[in-house]
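Chemist: Build the 3D model from these lines:
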Amino acid sequence: VQLVESGGGSVQAGGSLRLSCAASGRTFGSYCMGWFRQAPGKEREGVAAIVDDGYTYYADSVMGRFTISKDSAKNTVYLQVNSLKPEDTAMYYCAADPNQKPLTWVLSWGYWGQGTQVTVS
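Modeler: Alright, predicted model coming up:
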């Protein structure tokens with residue numbers, strides 16, 4: 001599975017972005033897809049994930065502000081990020097795994113993209 005993120009940028013606090021993750025390779029639809037982020041000097045943390053039946057789960061810190069979705073026809077997963085705060089500033093990574101994984105099991109996810117930077121001022 002190859003993953004390519006896009007959609008990051010610099011926004012003011014309170015703003016919104018839509019991050020995209022285009023997947024190619026193996027059967028996209030059956031994989032668990034997730035979004036993670038890593039701020040400078042901090043560990044990578046899970047943000048949101050979606051499984052093949054559309055079930056979603058989120059980190060408490062983004063609940064109600066971030067929404068994960070997917071378009072299976074386009075092999076793309078999205079992360080809509082609203083009401084952005086300066087503490088949301090980080091590199092955002094897309095990840096995939098054949099099995100559903102907790103967001104806290106960061107190192108267990110099998111496939112990763114290169115990331116897209118989000119900066120909130």
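
Chemist: alpha carbons only for contacts and neighbour counts from here, please
Modeler: Noted.

Chemist: Quick check, residue 2 in contact with residue 113.
Modeler: Yes - proximity of residue 2 to residue 113 meets the contact threshold set by CA atoms under 8 Å, at 7.1 Å.

Chemist: Which stretches in the protein count as strands?
Modeler: With DSSP state E as the criterion, the chain has strands at 2-6, 9-11, 17-24, 32-38, 45-50, 56-58, 66-71, 76-81, 90-97, 111-112, 116-120.

Chemist: Same drill for residue 2 and residue 113, tell me which one is more crowded.
Modeler: residue 113 (19 against 15; other CA atoms under 10 Å).

Chemist: Just to check, that one is in contact with residue 95?
Modeler: Yes - counting by CA under 8 Å, residue 95 is a contact partner of residue 113 at 6.4 Å.

Chemist: joint contacts of these two?
Modeler: Residues touching both residue 113 and residue 95 by CA atoms under 8 Å, 6 or more residues apart in numbering: residue 3.
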